[in-house]
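# Everything below, folded, please.
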Amino acid sequence: MPNGTMNPDEALALASLRRWCHDRRALSAARTVDYLYAGCEQRRITRFDARLVRTIDFAKVMATLDPREQVALVLRHRDHEDANEIARAIGCCPRTVANLLVSGRVHLAAELLRRDLL
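Below is the predicted model:
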């Protein structure tokens, strides 16, 4: 692959990572609870159950990655930190962070594909 481009599996893994971040925010904001408010329709339970299952499955896959890859991916894509901030948190140089992000995406894609979650 040319420098800076991702293979299709990496791109799908990145999309899954972003969806996981979105789903986690929705779950932590309690937007998945079936509360009835005056004037509101009942929410579809299955959509929220699917979000919860998807989030848990993705978290299990993330747990299989190298801890430094996990931290780099989460800080970059969930917390939107730049390479310098991630490097300070991990205790490495920004170039190592770039390598960790690439290897993390590759490993994440492989594991998601292996578990038929990609």
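# Show me what the helix or strand bottoming out on mean pLDDT in the chain is packed up against.
Counting by mean pLDDT, DSSP states H and E, the chain has its least confident helix or strand at helix 45-62, which shows a mean of 81. Using 3 or more CB pairs under 8 Å, 6 or more residues apart in numbering; DSSP states H and E, the elements in contact with helix 45-62 are helix 8-28, helix 67-77, helix 94-114. Backbone N, C-alpha and C define where each C-beta goes, glycine included.
# closest one to R51 among those?
helix 8-28 (5.0 Å; CB to CB).
# and the closest one, what does it pack onto?
Counting by 3+ CB pairs under 8 Å, 6+ apart, helix 8-28 packs on helix 45-62, helix 67-77, helix 94-114.
# Where does the prediction get shaky in this structure?
1-4, 30-48 (pLDDT under 70).
# Go ahead and flag the most central residue of this structure.
Nearest to the geometric centre of the chain sits L17, at 2.5 Å (CA atoms, centre = their mean).
# Neighbours of the spatially closest residue to that residue that is not a sequence neighbour, how many?
Residue nearest to L17 in three dimensions, not counting chain neighbours: H77, with 5.1 Å by CB to CB, 6 or more residues apart in numbering. The tally of other residues near H77 (other CB atoms under 10 Å) stands at 17.
# number of nearby residues for T55?
19.
# list the contacts for it?
W20, D23, R24, L27 (CB atoms under 8 Å, 6 or more residues apart in numbering).
# Could you report the separation of it from S28?
The spacing between T55 and S28, counted by CB to CB, to the nearest Å, is 10 Å.
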